[in-house]
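Q: Sequence first, predicted model second:
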Amino acid sequence: MKINKKILLISTLIPVLYVVVVPFKKISNYGIAEYAIGFPFHFMWYREFGEIPNKLLLFTSGEIRKIQFDLMYYFLSVLFFYFLILVCMYAYKRVKKTT
C-alpha cells in the first residue's frame, strides 16, 4: 500500500487544529483542574490550578510545563484521520463511478 503524502499531511494537521479550535474537556475539578485535549483520542493533558488561559498562549514556555503530551495517542489520531479520509475518498469514487 502506497502512502499518500497529501492525505498524511492533512491527517497530521487535523488533531493539531483541533487543539486550537475546539474547547477543552474538563476531566477533574478537585484541587488541580485537569483538561483532556485531542480528538478522537486525548493526546494532551493540561493541569492548572485555575482556568485555561488563551489557547494560543498554551504553548509558551510558562504553560508548556503544565502539559503532558502522549505521542502514541497522537499517532493513533493521525492514523484514524488518515484511514477516515481514505475511506471517504474511496466511497466518493465509487459513488461517482456509478452515476
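A: Sure, I can see it.

Q: Report the secondary structure state of the closest residue to A36 other than its chain neighbours.
A: With sequence-adjacent residues excluded and distances taken as Cβ to Cβ, 6 or more residues apart in numbering, A36 is closest to H42, at 3.9 Å. To be clear about C-beta, it is placed using only N, CA and C from the backbone, and glycine gets the same treatment. Classification of H42 by DSSP: H, G, I helix; E, B strand; the rest coil places it in coil.

Q: what's the distance between H42 and K26?
A: Applying Cβ to Cβ, to the nearest Å, the value for H42 to K26 is 12 Å.

Q: again with I32
A: 11 Å.

Q: can you give me phi and psi for F24?
A: phi -80, psi 160 (degrees, to the nearest 10).

Q: can you check F75 too?
A: According to degrees, to the nearest 10, F75 has phi -70, psi -30.

Q: Near it, how many other residues are there?
A: Close neighbours of F75, defined as other Cβ atoms under 10 Å, add up to 14.

Q: mind checking how far it is from F81?
A: From F75 to F81 the distance is 11 Å (Cβ to Cβ).

Q: any low-confidence regions in this structure?
A: Counting by pLDDT under 70, the chain shows low-confidence ranges at 1, 29, 52-53.

Q: Report the central residue of it.
A: The residue lying closest to the centre of the chain (Cα atoms, centre = their mean) is P15, at 2.5 Å.

Q: Look up the closest residue to that one, ignoring the ones flanking it.
A: Nearest one to P15, counting by Cβ to Cβ, 6+ apart, is S77 at 4.5 Å.

Q: so that neighbour is in which element?
A: If you go by DSSP states H and E, S77 is part of helix 71-98.

Q: name the helices or strands packed onto that helix?
A: For helix 71-98, the contact count by 3 or more Cβ pairs under 8 Å, 6 or more residues apart in numbering; DSSP states H and E identifies helix 5-21 as packing neighbours.

Q: in the helix it packs on, what's buried?
A: I7, S11, I14, P15, Y18, V19 (16 or more other Cβ atoms under 10 Å).
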